[in-house]
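Asks: got a predicted model here, sequence first, then my questions.
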Amino acid sequence: MNSKQIQHLYWRAGFGINPNELNNLKKNTKKELVKEFFLSSKRSTSLKISHPNYSYVMGNNKSAEQKKKIQREERKRLIELNIAWVERIFNPKELLRERMTLFWANHFVCKDNNSVYIEQFNNILRKNALGNFRDFVTEVSKSASMLKYLNAKQNKKQSPNENFARELMELFTLGVGNYSEIDIKESARAFTGWNHDKNGDFVIRQRIHDTGEKKFFGKSGNFEGEDIINIILEQKQCAKFICEKIYSYFVNSNINEHHINQMVHQFYPNYNIADLMEYIFLSDWFYNEENIGTKIKSPIELLAGINKTVPIKFLEKKQLIYLQKILGQQLLNPINVAGWEGGQNWIDTNTLMLRLKLPSIVLTNAVISLAGISEFEDSYEQYLKSKKSRKSYIKIKQDWTTFQQNFSKLNAFQIEDILFQVKPSKEASKLLKEIDSHNPKDYCIQLMSLPEYQLC
Amino acid sequence: MKRRNFIKNTALASTLFYVPSFVNAFNTLDLKSVGYKRLVIVQLSGGNDGLNTVIPYSNDIYYKNRPIIQIKSDVLKLNSELALHPSLAPIKNLYDQGYLTIINNVGYPNPNRSHFRSTDIWHTASKSDEYLTSGWLGRYMDSFGKNPYNAIEVDESLSLALKGKSLSGMAVKNAKQLYRNTQDPYFKKVLEHHNEQHLSEHNLGYLYKTMIDAKNSAKYIYNSTKTYISNQEYPDNPLGAQLKTAAEFINSGVDCKVLYTSLGGFDTHFNQKGRQDRLLTVYAESIDAFIKDLKKNDTFRDTLILTFSEFGRRVKQNAANGTDHGTANNVFIIGENLQKKGIYNDGPDLSNLDENGDLKYTVDFRSIYATILNKWMNVNDKIILNDTFTPLTFL
């Protein structure tokens, strides 16, 4: 494989690659390279933060003051978990697993203000990221955060709530239009009474659980939730839906039906995710020119890529959260249950200008304005505090030593080759010839400030 | 040519910026004189308590449900049933002049009580079980916009409401700062050779096109507004500042059809009374100054102001002397050309609540959007809302 192709694999299956890593891999065959991804991701290391003084139950016995305090502490934990996740993405041991975890988090979209439950959920994503899709759906469906997020509590035999059943089919397994309203009504009954205890463990409340006969996808029986999931996975459409989603994220947002058919053939009916991913990365078409350098990086990919070039550490957690917010992708805080659309949707005039400036912001500790983003405050004073125009130096520690070890010996063309996945526009090439490239640090910042760097 | 190091002399390392601009030929349009209709939106974020904003002051059920937080004295009576909160005197003034329409019980089927989700629903004009990635004003931009500045959010970043599929609005908090930020020699250099006609349809071309859009827009807005000076005084608060900027854009004839502003802090779960008083004062005083400013410049007649909140609050007060998330709420429409002035429809029916003890909606918010799009913005609302709504008669 040539360098660009290796870089392609590392951008899509990982979070980019630096010159020394590339150098060490150049002689490897495709098979060896791909195999290494799966070997290094065999284990799953959970993401854990500490939850001191954690109070499981908000409950009605607590005063408004106590509830507020719990909420405040939980918000802090969520920030910690967010930071821990970003740091994990910046320094992953199980590279492919972490990449897949980020992907699945935008497939099984979920949000919770309970830090313990959402941490459990996040680790369910991680654990199953390369496992069996059937187990994955089941475990997600039984997780406390998802049960909460999709109104399981309101789903009772007497008055079924269809929210979970609908999203299960529409967003998680089949895609819109591939089931009937009757399928939703009937399957919602099978999930009645599904709930969790205070530790986040799954329970069925038998009293409100409907054990009666349901008709689902042409079958009848006293189906339980697990049966519903099994019947859904019997539909080849489910494999197709997941393959298309994986293809548009890892390969190209323009779906190639021929490639999808090959993938479905691989995926169905066993639903082994690792086998599917291996098939993709070993295929010839994954490395086709039309798939290289055509994807607009998500904000997290952009940050992770900069970190690949110059390792960075945010010294003020809030600044990292703030950057995610204004860039439009805050981990653990998805826009809605359908997730981020991605692609050109990341880009408007404001976000693009910020993205182009991001390398110089994080690598030269620039001043940024921290005002602006507010979130449903409960008083004018709180709101005012969040809106107050204040400028602040970004506090980030850059590891220029590692950068120098990687870049000091490279010439301008080599730097360009490793930073850009796309061939620069004619005009950009012309500009690059004019820029002083003797200082790799400045040269890299300038390259990363071009639109070309937004693509991977 | 000598290789240069742009980074030395560059705004790359200063505050948020916009790229520099070339010439733009829009400045000749005199928009003031041609009945150029604009929509201004004020979002009250956090869920404003509608029942203490437009108070059903002759209804016993109201007082029974709110023993502590009820507002009894100094209410500003509108008719025999409804009165405005005492902090809303400037709004009462608008009502008296026929510049205000209050639409009661605005909501949507299967209401969602999450701030995030309900805000999404209002922004995207979706059904409550539908997830859209473009906003209703973004879709207006997709179909009828030409430049990002045709819809401006007076803030630092863009809300979902203004995000389109192919063309989004833009966020402008301060035109001068934005323009100054465009003076970056590096980005100027980047765009020097780029010509919009040569850009491909692919993602790289899209990125360059957006970059050029940003640059042109920043310059256009700055050039349009730099000579305008308002002598209107505004209250010193974030909404006042946003509306002042909005008035600058309107009065100097910036080609923008939509201006989006917001005020937060309305999530009054506890000790609601003082908190909401304060917020409504901020709202009323800011609107008052804004309208005075527009009137001086004869632009009020072509401006319509829509005020909404993502939901109202529960009828019954909670144990902390506040209110919890509710459903239907009132919406204010302010303008000079209202066809149905004052109170548009019956106030909330407090004896007929849903299973949570919340108000039932009678007017779908999307029918308000449809009415504004159709009768004020003069465009086909069905293209934008993907559905048919019976227009209301306030316009």
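Replies: Looks like it came in fine.
Asks: show me where chain B has its strands.
Replies: Assigned by DSSP state E, the strands in chain B fall at B:38-45, B:54-56, B:76-77, B:82-84, B:100-107, B:151-153, B:170-171, B:258-264, B:303-309, B:329-334, B:342-343, B:363-364.
Asks: how about chain A?
Replies: If DSSP E is used as the criterion, the strands of chain A fall at A:194-196, A:202-204, A:214-216, A:219-221, A:312-314, A:367-369, A:391-393, A:396-398.
Asks: state the mean pLDDT of stretch A:51-66.
Replies: If you average the pLDDT over stretch A:51-66, you get 71.
Asks: which of the strands of chain B is buried the deepest?
Replies: strand B:151-153 (a mean of 28; mean count of other Cβ atoms under 10 Å in any protein chain shown). C-beta here means a position set from N, CA and C on the backbone, and glycine is covered the same way.
Asks: ok, B:R113 touching B:F311?
Replies: Yes. Counting by Cβ atoms under 8 Å, a contact exists between B:R113 and B:F311, whose distance comes to 6.6 Å.
Asks: where do the contact lists of those two overlap?
Replies: B:H325, B:G326, B:T327 (Cβ atoms under 8 Å, 6 or more residues apart in numbering or on different chains).
Asks: quick check: chain neighbours aside, which residue is closest to the residue of the stretch 51-200 of chain A found nearest chain B?
Replies: In the stretch 51-200 of chain A, the residue that lies nearest chain B is A:A64 (3.6 Å; Cβ to the nearest Cβ). Spatial nearest neighbour of A:A64, chain neighbours left out: B:A320 (3.6 Å); criterion: Cβ to Cβ, 6 or more residues apart in numbering or on different chains.
Asks: quick one: which of the shared contacts of B:R113 and B:F311 is most hemmed in?
Replies: Across those, the neighbour count under other Cβ atoms under 10 Å in any protein chain shown reaches its highest value at B:T327, namely 28 neighbours.
Asks: got phi/psi on it?
Replies: Here is the backbone geometry of B:T327 (degrees, to the nearest 10): phi -130, psi -100.
Asks: ok, now which ones touch it?
Replies: If a contact means Cβ under 8 Å, 6+ apart, then B:T327 has B:G107, B:P111, B:R113, B:F311, B:G312, B:D354, B:N356, B:D358, B:L359, B:K360, B:Y361 as its contacts.
Asks: what of B:A171?
Replies: Taking Cβ under 8 Å, 6+ apart, we find B:A171 in contact with A:N350, B:I152, B:E153, B:V154, B:D155, B:E156, B:S157, B:L158.
Asks: just name the closest of these to A:D183, please.
Replies: Using Cβ to Cβ, B:L158 comes nearest to A:D183 of the contacts of B:A171, at 37.8 Å.
Asks: any idea which helix or strand in the chain has the lowest mean pLDDT?
Replies: Picked chain A for this. strand A:367-369 (a mean of 69; mean pLDDT, DSSP states H and E).
Asks: looking at chain B here, not the other one
Replies: The element with the least model confidence among the helices and strands of chain B, by mean pLDDT, DSSP H and E, is helix B:185-192, at a mean of 80.
Asks: residues of that one that come out buried?
Replies: Residues of helix B:185-192 classed as buried: B:P185, B:Y186, B:F187, B:K188, B:K189, B:V190, B:L191 (neighbour count, 16 or more other Cβ atoms under 10 Å in any protein chain shown).
Asks: stretch B:259-279 vs chain A: in contact?
Replies: Yes. Shown here: stretch B:259-279 in contact with chain A (Cβ under 8 Å from any Cβ of the partner chain) through B:L263, B:G264, B:G265, B:D267, B:T268, B:H269, B:F270, B:R275, B:R278, B:L279.
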